[in-house]
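Undergrad: Structure, please.
(one chain, ligands or ions: 1)
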Amino acid sequence: MRCALSCGHIPVDITGVESAPSQDFDAAMMREALSLAAEAAASGEVPVGALVVSGGTILGRGFNSPISACDPTAHAEVLAMREAASALGNYRLVDCTLYVTLEPCAMCAGAIMHARVARVVYGAADPKTGACGSVVDLFAERRLNHHAEVTPGVLAEECGGMLSAFFAARRFRQGGDGDAED
Ligand SMILES: [Zn+2]
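TA: Predicted structure coming up:
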């Protein structure tokens with residue numbers, strides 16, 4: 001069955017595979033997000049990668065690029081959602097899952113809510129700006145009207161390790177002694 005928007009997107013039953021995907025599928029998608037994060041690192045950006053997936057299909061990809069894009073909103077999640085929305089021809093991503101290597105910030109959590117993303121899967125927690133429980137938990141805020149299901153900690157070690165390696169290398173290049181603020 002095709003969706004009513006004639007966009008070629010095949011709707012999925014959100015009580016089925018999308019809401020209860022296998023851990024293997026989540027891990028496979030997170031590995032894809034990690035490869036996007038590596039692209040960010042290669043261009044000197046903090047390595048964060050994101051994907052939007054629906055019905056087993058990747059609809060959008062993004063990696064963190066605020067410096068190169070001169071755009072404070074160019075976080076991996078925002079770019080992946082833009083691409084997915086364009087692919088679907090719909091500003092809402094209702095039956096989609098967003099995979100991201102780092103816990104989303106408040107800006108991205110807001111965009112995820114506006115997009116009506118059904119599920120968020122993230123890798124490493126972000127104790128400085130995480131808005132899914134680390135600093136605040138916007139998805140648990142009952143006064144906000146959309147609540148994505150959140151799955152934390154998928155490939156958390158790999159995701160966090162890529163960030164740690166990036167910051168360690170940057171401190172080394174800057175001749176710091178390892179205690180610089182990121
Ligand atoms: Zn963000």
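Undergrad: residues in contact with the most centrally placed residue in the chain?
TA: Centroid-nearest residue in the chain: Val100, 2.7 Å away (criterion: C-alpha atoms, centre = their mean). Contact analysis of Val100 by C-beta atoms under 8 Å, 6 or more residues apart in numbering lists 33, 48-51, 76-77, 80, 108, 120-123. (Each C-beta comes from the backbone N, C-alpha and C, glycine too.)
Undergrad: The same query, at a cut-off of 10 Å, please.
TA: Residues near Val100 by C-beta atoms under 10 Å, 6 or more residues apart in numbering: 30, 33, 36-37, 48-52, 62, 64, 75-77, 80, 108, 112, 120-124, 132, 154, 159.
Undergrad: Kindly report the residues of this protein close to the ion.
TA: Residues of the chain found near the ion (C-beta under 5 Å from the ion) are His75, Cys105, Met107, Cys108.
Undergrad: rerun at 6 Å
TA: Contact residues, the chain versus the ion (C-beta under 6 Å from the ion): His75, Glu77, Pro104, Cys105, Met107, Cys108.
Undergrad: Drop anything exposed from those residues.
TA: Buried members of the residues of the chain next to the ion, scored by 16 or more other C-beta atoms under 10 Å, are His75, Glu77, Pro104, Cys105, Cys108.
Undergrad: For the fourth one, give me the pLDDT.
TA: At Cys105, the pLDDT value in this model is 98.
Undergrad: Any buried residues in the lowest-mean-pLDDT helix or strand in the chain, and which?
TA: Least confident helix or strand of the chain, by mean pLDDT, DSSP states H and E, is helix 156-173 with a mean of 94. Across helix 156-173, burial judged by 16+ other C-beta under 10 Å covers Ala156, Glu158, Cys159, Gly160, Met162, Leu163, Phe166, Phe167.
Undergrad: Doesn't the residue nearest to the centre of the chain belong to a strand?
TA: Yes: judged by DSSP: H, G, I helix; E, B strand; the rest coil, Val100 forms part of a strand.
Undergrad: Find the residue closest to it in space, skipping its chain neighbours.
TA: Ala50 (4.1 Å; C-beta to C-beta, 6 or more residues apart in numbering).
Undergrad: Need the three-state assignment for that neighbour.
TA: Secondary structure for Ala50, judged by three-state DSSP, is strand.
Undergrad: Next: Arg61.
TA: strand.
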